[in-house]
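Asks: Build the 3D model from these lines:
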Amino acid sequence: MIIHRLDTRAIRELRPQLATLLLDAVADGFSLGFLAGLDDIQLAAYWEGVGHEVARGSRVLLGAEQDGMLVGTVQLAFPQEPNAGNRAALEKLLVHCTVRRRGVGTALLQAAEIEALGLRRGLLFLDTESGSGAERLVDRAGFIRLGELPDFACSPNGHWRAAAIWYKTLFPRSRRP
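Replies: Just a heads-up that it's a prediction; the model follows:
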């Protein structure tokens, strides 16, 4: 498996595979901000938006490739507030159902941490659906669970779910930027 950063050109070229990953996750009921019935227009708009943020430098998209196919992605989103230079949000960890529980998610999280360290982002945070397999994954990766927010997000099939909030400190910030 190879994990690499996807630039805007790669995002355009891999859009069908990116769409497949997202559709696969939504079909399996993962709470990723999308509802069932995700169509081609919504998919194109979403990945085009990700491409714009990657081009601006406000987001990094990492892709896991196996046997020439994209099998997983994860995103690091960088808050743009002047006081937010130390943190990054981990978002949209997607692993295709055919390769789940084979180390792809763990490898993507590790690669995201390396990216964050290289960009001097020492605090990672994310939310997961409470009770989901994602919680086990981020717990094993050393993230700390802060608690949960009730009815935080709607699952693709319309059920409100609690979200667990997690963080991981990669290095401490002891002085002003």
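
Asks: Give the next helix or strand downstream of the helix or strand that contains residue 20.
Replies: Under DSSP states H and E, the secondary-structure element containing residue 20 is helix 15-27. Reading on from helix 15-27 to the C-terminus, the next helix or strand found by DSSP H and E is helix 40-56.

Asks: Mean confidence (pLDDT) on that following helix, please.
Replies: Rounded to a whole number, the mean pLDDT of helix 40-56 is 96.

Asks: and the helix or strand just after that helix, what other elements does it pack with?
Replies: Following the chain from helix 40-56 toward its C-terminal end, the next helix or strand by DSSP H and E is strand 59-66. Secondary structure elements in contact with strand 59-66, counted by 3 or more Cβ pairs under 8 Å, 6 or more residues apart in numbering; DSSP states H and E, are strand 2-5, helix 40-56, strand 69-77, helix 104-118. The way it works is simple: take the backbone N, C-alpha and C, and place the C-beta from them, glycine included.

Asks: what do you get if the cut-off is 6 Å, keeping everything else the same?
Replies: Under the contact criterion of 3 or more Cβ pairs under 6 Å, 6 or more residues apart in numbering; DSSP states H and E, the helices and strands touching strand 59-66 comprise strand 2-5, strand 69-77, helix 104-118.

Asks: highest average neighbour count across those?
Replies: Highest mean neighbour count among the helices and strands packed on strand 59-66 (mean count of other Cβ atoms under 10 Å): strand 69-77, with a mean of 21.

Asks: between it and helix 15-27, how many degrees?
Replies: Following axes from the mean of the first three to the mean of the last three Cα atoms, to 10 degrees, one obtains 80 degrees for the angle between strand 69-77 and helix 15-27.
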